[in-house]
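Trainee: quick one, structure for this:
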Amino acid sequence: MSRERFLFLTGRLARPRLDRVLAGLREPAFDWAVQDMGVKVAALMTEAIIERRLQRPVEADRVIVPGRCRGDLERLSGLFGVPFVRGPDELADLPSFLGFGAAPPDLSRYDIRIFAEIVEAPQLSVADILARARQLRAGGADVIDLGGLPDTPFPHLEEAVRALAADGMTVSVDSADPGELERGARAGAKYVLSLTEETLGLAADTGAIPVLVPAQAGDLDSLLRAVDRAEALGLEFLADPILDPIHFGFTQSLLRYAELRRLRPGVEILMGTGNLTELTDADSVGVTAVLLGVCSELGIRNVLSVQVSPHTRRTLAEHDAARRLMFAAREDHSLPRGYGRALLCLHDRKPFPATPEDIAAMAEAVRDANFRIETAEDGIHVYNRDGHHVGTSALAMFPKLNVEADGAHAFYLGTELMKAETALRLGKRYSQDEPLDWGAGAEREAEDLTRLAEAGHTLRAKEGR
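Mentor: So this is what the prediction gives:
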């Protein structure tokens, strides 16, 4: 059987590093060749440049372009009759991309349903509830939970339930008032939170799916009785032993979830995570990851999330990322490690894609005045034809760059150097002209991979002069 042939397209500056990476592969199952496309920076390679400069016929079974190359690869594949593939952004990640490491994980699957609560629903108009619910749905929520507030009337509850249902959403109503639960259920809510062994009859009367909780805090026996009664009535239900905050019964509450699973192995369980994420002064992403790991181990397939405190503003996205990661790891019989960077919001496992020696070699080859910025273990590297500077402070490096008279360039370098310093201090990946990747911790704008970004203020200022 003939070996597959790969053709790697690159730029002049990246060529030596690419050659070293490919030469270092151990027993590749393919033959390879590299073509310098006549651009200094590989990321500036465009679809038009490839179309003009790549000779036909292509003597390869697959063409791999740099990760930051912008162009319609499907169109190029049709023109040349060979599949074009976009590689990783960083050459350090190329071995994994080529199969010399874990294959890219499939994070499309999950088995945990997320209930996202609108805590102050009684205080919002129906239009505001609908707008908030749409945001939650876009963030990963499967069920929109309308929370009730003590001693706060909710006269528009039925209207809100119907509006959400008409928009295609699954709705739950969460209240300590059985009357509100009944009203919500009769208006079309699929779930009601929460019922006990004493109030279980409400579900039988309305057809809503109840979330069963202990009659008294920590009373697992009363929850088990409610479960048995619901099963006797033929009701579909979820059971929630209630997760308590740290120092107020947290460890015992975790044990109740495990005990419920042991005693009732087939029961559907729900865990509300807000008592940990909201009531612990710690970044919610780590708390969420651990809790959904518990859910994954115990087969808990429903979670109730809230994001009220400013420090939990991204907890829904974190829950969505965590359920996908945990599902993939469990299916692989693996540790939840190596499944992407969505939950690595502050620190990356491989923050520095280039060594100081790699960067020094690249700097030695530069013959123009454009500044390149990279980070490595020893600090921030800034280089062009006039020099190569290494440091750990953006402010300390700035006087060495001689851009005091170029306001636009100075502004650009200032922002990039501070971004690089932030990445260096936290141990995050830094890529010049790219935003830092905060994973699930921050929204990231969708990127158009078919076209180059518009010119920034520095280039526009130069063109204006």
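Trainee: the helices in the stretch 151-300 of the chain, which residues?
Mentor: For the stretch 151-300 of the chain, the helices defined by DSSP state H, counting those that start in this stretch cover 157-166, 178-187, 201-206, 220-232, 250-263, 274-277, 284-298.
Trainee: in CSV: those helices, plus distance to Gly441.
Mentor: Bear in mind the C-beta positions are built from the backbone N, C-alpha and C, glycine included. Supplementary listing: the helices of the stretch 151-300 of the chain in CSV, determined by distance: least, CB to CB, whole Å:
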stretch, distance to Gly441
helix 157-166, 28
helix 178-187, 33
helix 201-206, 38
helix 220-232, 35
helix 250-263, 24
helix 274-277, 13
helix 284-298, 6
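Trainee: which stretch in those is the model least sure about?
Mentor: Mean pLDDT values for these show the minimum at helix 201-206, a mean of 88.
Trainee: how far is it from where the chain is centred?
Mentor: 39 Å (CA atoms, centre = their mean, to the nearest Å).
Trainee: quick one: residues in contact with it.
Mentor: Outside helix 201-206, the residues that touch it by CB atoms under 8 Å, 6 or more residues apart in numbering are 178, 181-182, 185-186, 192, 195, 208-210, 230, 233, 235, 237.
Trainee: buried ones in that helix?
Mentor: Buried positions in helix 201-206, judged by neighbour count with 16 or more other CB atoms under 10 Å: 202-203, 206.
Trainee: stretch 261-271 too?
Mentor: 261, 264, 267-271.
Trainee: can you check stretch 35-49 too?
Mentor: Buried residues in stretch 35-49, counted by 16+ other CB under 10 Å: 35-37, 39, 41-43, 45-47, 49.
Trainee: stretch 139-151 too?
Mentor: Buried positions in stretch 139-151, judged by neighbour count with 16+ other CB under 10 Å: 139-148.
Trainee: just send those residues back as JSON lines, with distance to Leu395 and pLDDT too.
Mentor: Listed next are these as JSON lines, based on distance: CB to CB, whole Å; pLDDT from 0 to 100:
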{"residue": "Gly139", "distance to Leu395": "37", "pLDDT": "95"}
{"residue": "Gly140", "distance to Leu395": "40", "pLDDT": "96"}
{"residue": "Ala141", "distance to Leu395": "43", "pLDDT": "98"}
{"residue": "Asp142", "distance to Leu395": "47", "pLDDT": "98"}
{"residue": "Val143", "distance to Leu395": "49", "pLDDT": "98"}
{"residue": "Ile144", "distance to Leu395": "47", "pLDDT": "98"}
{"residue": "Asp145", "distance to Leu395": "48", "pLDDT": "98"}
{"residue": "Leu146", "distance to Leu395": "50", "pLDDT": "97"}
{"residue": "Gly147", "distance to Leu395": "47", "pLDDT": "95"}
{"residue": "Gly148", "distance to Leu395": "52", "pLDDT": "92"}
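Trainee: so where's this protein shaky on pLDDT?
Mentor: Along the chain, segments meeting pLDDT under 70 span 1, 100-104, 447-465.
Trainee: do that again at 50, thanks
Mentor: Under the criterion pLDDT under 50, the flagged ranges of the chain are 457-463, 465.
Trainee: longest helix in it, please.
Mentor: In terms of residue count, the longest helix belonging to the chain (DSSP state H) is helix 407-426.
Trainee: report all helices and strands that that one contacts.
Mentor: Contacts defined by 3 or more CB pairs under 8 Å, 6 or more residues apart in numbering; DSSP states H and E place helix 407-426 against strand 372-376, strand 379-384, helix 394-397, helix 457-464.
Trainee: residue boundaries of the helices in the stretch 1-150 of the chain?
Mentor: Going by DSSP H, counting those that start in this stretch, the stretch 1-150 of the chain shows helices at 15-23, 47-53, 73-80, 94-97, 126-138.
Trainee: return the most buried member of those helices.
Mentor: Burial of these is given as mean neighbour count (mean count of other CB atoms under 10 Å); helix 94-97 ranks first at a mean of 18.
Trainee: if you count contacts, what does it end up packed against?
Mentor: Under the contact definition 3+ CB pairs under 8 Å, 6+ apart, helix 94-97 sits against helix 15-23.
Trainee: so which residues make contact with the helix it packs on?
Mentor: So helix 15-23 is in contact with 8, 10, 28, 32, 34, 36, 91-92, 94-95, 354, 358, 361-362, 365, going by CB under 8 Å, 6+ apart.
Trainee: need the CA coordinates for it. CSV is fine.
Mentor: Once non-C-alpha atoms are left out, helix 15-23 reads as follows in CSV (Å, rounded to 0.1, in the frame of the first residue of the first chain):
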residue,chain,number,x,y,z
ARG,A,15,10.0,27.4,7.1
PRO,A,16,13.0,26.4,9.3
ARG,A,17,10.8,25.7,12.3
LEU,A,18,8.3,23.7,10.3
ASP,A,19,11.2,21.7,8.8
ARG,A,20,12.5,20.9,12.4
VAL,A,21,9.0,19.9,13.6
LEU,A,22,8.4,17.5,10.7
ALA,A,23,12.0,16.1,10.9
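Trainee: quick one on the thing from earlier: would you mind listing which of the contacts of helix 201-206 are buried?
Mentor: By neighbour count, with 16+ other CB under 10 Å, these hold 181-182, 185, 192, 195, 208-210, 230, 235, 237 as buried.
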